[in-house]
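In: for reference, the sequence and a predicted model appear below.
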Amino acid sequence: MFELDPAFVATSQAVGDLALCHVRLQADARWPWLVLIPRIGGARELEDLSVNDRMALMEEVVRAGEAVRAVGAATGWPVAKLNVGQLGNVTPQLHVHVVGRRPGDAAWPDPVWGVGTAEAYRAEALTAALAAARAALRV
């Protein structure tokens, strides 16, 4: 049975559910950033998914990239490059990060993990980001 790791609740906002994944907006306004968490109980690695679920995950990652670009546009943060990562070193539950990047951002050109301190979204920017993500993902 699928249970969301509490770490995601503490660091992100719910966007909605796709066919396979629960989608969350990372609570760091420095980057447009979505996290996809397959709703498969006990999944920690890609190999824990069936072949069909792995294919579905890839399609949902592509859709999330479109949504990240929409979040960037809605918050005045145009995305030049998408970074996709499946790490799980801190939170082992299987999840995929889709992060919008651009030259001159807070970590460019390095990875975003461990850089500085997360910056909270202003209320109106959070509302715009969530609405843009939901519209792009149709959730």
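Out: Alright, I've got the coordinates.
In: can we go C-alpha only for contacts and neighbour counts from here?
Out: Fine.
In: mind jotting down where the helices sit in this structure?
Out: With DSSP state H as the criterion, the chain has helices at 6-11, 51-74, 123-137.
In: what are the buried residues along the first one?
Out: Read that as helix 6-11. Buried residues in helix 6-11, counted by 16 or more other CA atoms under 10 Å: residue 8.
In: quick one on the thing from earlier: of all the helices of the chain, which lies closest to residue 91?
Out: helix 6-11 (7.1 Å; CA to CA).
In: who touches that closest one?
Out: Residues from elsewhere that reach helix 6-11, judged by CA atoms under 8 Å, 6 or more residues apart in numbering: 24, 26, 27, 91.
In: keep only those of those that are in strands.
Out: 24, 26 (DSSP state E).
In: of the contacts of helix 6-11, which is the most crowded?
Out: residue 26 (26 neighbours; other CA atoms under 10 Å).
In: any idea how far it is from residue 55?
Out: 24 Å (CA to CA, to the nearest Å).
In: thinking again about what came up before, in TSV: the helices of the chain, plus mean pLDDT.
Out: Converted to TSV, these look like this (pLDDT from 0 to 100):
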stretch	mean pLDDT
helix 6-11	96
helix 51-74	98
helix 123-137	98
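In: can you lay out these as JSON lines showing distance to residue 85?
Out: JSON lines is the format used below for these (distance: least, CA to CA, whole Å):
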{"stretch": "helix 6-11", "distance to residue 85": "16"}
{"stretch": "helix 51-74", "distance to residue 85": "10"}
{"stretch": "helix 123-137", "distance to residue 85": "19"}
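In: between those, which one is closest to residue 106.
Out: helix 51-74 (14.7 Å).
In: in that closest one, what counts as buried?
Out: Those would be 53-54, 56-57, 60-61, 63-74, for helix 51-74 by 16+ other CA under 10 Å.
In: how many neighbours does the closest residue to residue 40 other than its chain neighbours have?
Out: In space, and not counting its chain neighbours, residue 40 is closest to residue 2: 5.4 Å by CA to CA, 6 or more residues apart in numbering. For residue 2, the neighbour count with other CA under 10 Å is 11.
In: does residue 125 touch residue 75 like I think?
Out: Yes. Counting by CA atoms under 8 Å, residue 125 does reach residue 75; the two are 6.0 Å apart.
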